[in-house]
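>>> Kindly return the folded structure for what I paste below:
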Amino acid sequence: MDDFYIDPGIGDAALIASVTGSESRSEKALSPAFSDPLGATACIGDSYLANAPPPPEDYETESGNSSKHAHQSNQQHISEHTDNKQDLNYVFPHQAVQQDLQYMSPHHAVHQDLQNMSPHQLLQKDLNELSLDCQPSAPQECDQSRGELFLEASENHFGEMEAEMIKPDIAIVPFTDSQLHALYHNVELEKNMEFVDHWLDTQKNIDKFQLDEMLVNYLRVRTMLSTSKHKYDLDRAHVDTLSKELWVFSSDTIEEEGECEDGNTVVVTRDSKVAEYSDSVAQSLRSRLKQCKETLTEDYSLHCFRAEVLKVRIDEFLHSVIVRQQGGVVERTLVYSTAEEVRLSVSVLFKFLRKDIQDEKMVRDLKQWLDRMVAVVLSEATLYDHLFLLNHIMRCPAGVGKWAAAYIQPAIPLTDLEETSFDNPFLDHLITILATVLLPVKERRSFVQEFRMRHQWQQEASEDDSEQHDKIWTVLDGEGSEDEDPGECWAQLREIDLVALINQIPVDHMFRYVLRIEERDGRDHYNVHHSTQHSFLKLYAFSTQFVYLMREGLKTFNTPKYRQFAKRLGRLIRHTVHYVSDHWENFKKENIGIIDPSMLLRLQVEYDNFFLRAAKCIFSSQKLGTWQYLADIPFATISPNMLWRIFYVLHLDYRNEHHSDFGVDITDWSKALSSPDL
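All right, here's what the predicted structure looks like:
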């Protein structure tokens, strides 16, 4: 057996420090040991024995035969824990309590208490009563000679094989959120609010940029062109109407009567059409045709020419900006740098796309220009540029997912087996992009304010029409879904927009990175040996933050309008739990008996609490259809005590005040589960 040492009083902060420090130091701090009731710690190892004080000379004479017999028995029990068979008579970790140590064995004295403190022994009675049709966990065996407590390797009631040594004398307290934050924290996400505030400040003075004035003129000319075209269309409609009224057609019947040579009278009837030319209509038609001619030759042609000229000027301006950005020889401006010119051009184009423009040609031109400029940004994009584009997209009106989702092209974190931490800027960037989409968008209403006026006009028109018809109507949006609050639908994105934006985020590559999966020759290569016990603690911390982010998304879109999108978030939580659970099971199978049992117990406790946090996130979202994923997460991988806690809370009310602690203080599960309130 290797040399181990553990201080029962070691705190979580020390464990976190050992994780971030060297591996040898953490293994030394987390090695198993045994302690007596008075706090003395017996340490097994050559290094400690070498520094132990020598025994007193009168040790055997003062203790007598009985104490000598107890000491020999104690020596026999301790020696069975060591493979080097060293003489432990010189182990005196605390001289102050050496007289007490002479009369008690560290294991024999507290053996009965340790047996009762075992979490598996504590739940054995409840497991036998509640698992009626399942095989209960195997009982624990206590070896009196060795003083160690083992969980016998057998199949538990979920069919899972366990062979772990449990240290019931060590109370493992799960990491708090602040301690998990010390293991993994996203610096970019923490500074995202500062970035949003800075981004909002940069949008206040974009109207001073030259492109803004050019687009204003282009929009004004396009509006005048649309007005001329509309006027011409009206005149043409009147011309068509007057052309039909220029000739008035009528039917006339002529009847003639004659007598034949035989004396019979013959009557002949003939029908004819008569066309009457209308001078008044001809005068009106002449006037309308003259107006059409003037509209075409003077107004429409002039505005069309001016619009094309302005369009060419805008094309030339954007081309010069692109050339300067790419290092071409073009006269440079003295006010802005090349990168600032590109970003300002993108901001101005987004500004006009947020306007309520009815001219389809103008909208197409704006999108084409924006495609060119975004391509330039993405060709040499920094993390700032990706967030810059995303914040513009999140403040566009509904329907933005159809034409702007492709602008989201985040960088992919690549798996590096030599990297032992999750301190990857691309990984942090993916989480920040997810947070930007899922969290409430600051000042979104002010950016799409023009659509509020349009919505009010449409409401007034619909109210006027409803006065003449039945008023019992259900208002549907463009996707056929019912609007919960029709008065606020103008300020919200559609569900299909959110789905399109989320689909642009490579969540699969994010999990490939955290699970240490390499991609070679188009195939994934997974090896659990690439992960260490320290990386697992970081994995739990990262997964916790990811699950918390999904929970905030469920809160943001907690309306029936976003039911399908909420199911997608719930499915992401389920996938996260499955990935972490499978990874943890593979790690245990490969490292059982190799890793320090105390560290293995710590990892199991942290996994249980991660599982609990994920179950809480799903359970707290009501009326969204996400509870179905509770039935599909792997409950067989958690400890029995955590399983009872989750099983108990699932029978309570879904409100927070009823399940905030998930039964953490319950010790008698038989009594709790037999309560008539369930």
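>>> ok now do Leu215, which residues does it touch?
Ile314, Val348, Leu349, Phe352, Leu366 (CB atoms under 8 Å, 6 or more residues apart in numbering). Where C-beta positions appear, they are placed from N, C-alpha and C, glycine not excepted.
>>> which ones are touching the first one?
By that I understand Ile314. If a contact means CB under 8 Å, 6+ apart, then Ile314 has Leu211, Met214, Leu215, Tyr218, Trp369 as its contacts.
>>> give me that answer again for 7 Å
Taking CB atoms under 7 Å, 6 or more residues apart in numbering, we find Ile314 in contact with Met214, Leu215, Tyr218, Trp369.
>>> Repeat that for the last one.
Contacts of Leu366 were listed using CB under 7 Å, 6+ apart, and they are Leu349, Phe352, Leu353.
>>> can you pull the contacts of the second one?
Put plainly, it is Phe352. So Phe352 contacts Leu215, Leu219, Leu366 (CB under 7 Å, 6+ apart).
>>> hang on, the earlier thing: so which of the contacts of Leu366 comes closest to Glu341?
Using CB to CB, Leu349 is the member of the contacts of Leu366 that lies nearest Glu341, at 12.7 Å.
>>> how about whichever helix or strand the closest one is part of: buried residues?
Using DSSP states H and E, Leu349 falls within helix 338-353. Neighbour-count burial for helix 338-353 flags 338, 341-353 (criterion: 16 or more other CB atoms under 10 Å).
>>> hang on, the earlier thing: could you dump the contacts of Leu366 to TSV with pLDDT?
TSV is the format used below for the contacts of Leu366 (pLDDT from 0 to 100):
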residue	pLDDT
Leu349	96
Phe352	94
Leu353	93
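>>> Distance check, His651 against Lys616.
Going from His651 to Lys616 by CB to CB, to the nearest Å gives 15 Å.
>>> as a whole number, average confidence for the host helix or strand of Ser287?
Element membership of Ser287, judged by DSSP H and E, is helix 279-294. Averaged over helix 279-294, pLDDT sits at 90.
>>> Which one of the contacts of Leu215 is nearest to Thr667?
Leu349 (64.0 Å).
>>> For the closest one, which residues are in contact?
Leu366, Trp369, Leu370, Met373.
>>> Tell me how many other residues crowd the closest residue to it other than its chain neighbours.
Nearest non-adjacent residue to Leu349, counting by CB to CB, 6 or more residues apart in numbering: Leu370, 4.4 Å away. Neighbour count of Leu370, defined by other CB atoms under 10 Å: 22.
>>> What strand or helix carries Leu370?
Secondary structure from DSSP H and E places Leu370 in helix 360-379.
>>> same thing with Lys273?
Per DSSP H and E: strand 265-277 holds Lys273.
>>> rewinding a little: need the residues that contact the helix holding Ser287.
Here helix 279-294 has contacts from Tyr232, Asp235, Arg236, His238, Val239, Leu242, Ser243, Glu245, Leu246, using CB under 7 Å, 6+ apart.
>>> Buried residues in it, which are they?
Buried residues in helix 279-294, counted by 16+ other CB under 10 Å: Val281, Ser284, Leu285, Arg288, Leu289, Gln291, Cys292.
>>> Stretch 198-212 too?
Using 16+ other CB under 10 Å as the test for burial, stretch 198-212 gives Trp199, Gln203, Ile206, Phe209, Gln210, Leu211, Asp212.
>>> any idea how far Lys367 is from the closest residue to the fourth one other than its chain neighbours?
The shortest distance from Phe209 to any non-neighbouring residue, by CB to CB, 6+ apart, is to Leu344 (4.7 Å). As for Leu344, its distance to Lys367 is 18 Å (criterion: CB to CB).
>>> Show me the buried residues of stretch 198-212 that map onto helices.
Trp199, Gln210, Leu211, Asp212 (DSSP state H).
>>> which residues does the second one contact?
By that I understand Gln210. Gln210 is in contact with Phe317, counting by CB under 7 Å, 6+ apart.
>>> Give me the distance between it and Thr432.
Taking CB to CB, one finds Gln210 at 32 Å from Thr432.
>>> before we move on, what about Ser621?
Taken as CB to CB, the span from Ser621 to Thr432 is 23 Å.
>>> how about low-confidence regions in this structure?
Scanning the chain for pLDDT under 70 picks out the ranges 1-171, 329-334, 420, 453-488, 623, 653-665, 677-678.
>>> For it, which segments count as strands?
34-35, 41-42, 141-143, 148-150, 154-155, 161-162, 247-259, 265-277, 517-520, 523-526 (DSSP state E).
>>> Setting aside sequence neighbours, what's the nearest residue to Pro436?
Quick fix: residue 436 is Thr, not Pro. Leu390 (5.4 Å).
>>> what's the answer for Asp385, then?
Closest to Asp385 by CB to CB, 6+ apart is Val377, at 5.3 Å.
>>> ok, that neighbour - contacts?
Going by CB under 7 Å, 6+ apart, the list of residues near Val377 reads Val342, Val346, Asp385, Leu389.
>>> which ones are touching the nearest residue to Cys304 once chain neighbours are set aside?
Ranked by CB to CB, 6+ apart and with sequence neighbours excluded, the top spatial neighbour of Cys304 is Leu225, at 5.8 Å. Residues near Leu225 by CB under 7 Å, 6+ apart: Tyr300, His303, Cys304, Ala307.
>>> Using JSON lines, lay out those together with distance to Ser251 and neighbour count.
Converted to JSON lines, these look like this (distance: CB to CB, whole Å; neighbours: other CB atoms under 10 Å):
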{"residue": "Tyr300", "distance to Ser251": "42", "neighbour count": "19"}
{"residue": "His303", "distance to Ser251": "48", "neighbour count": "20"}
{"residue": "Cys304", "distance to Ser251": "47", "neighbour count": "17"}
{"residue": "Ala307", "distance to Ser251": "51", "neighbour count": "24"}
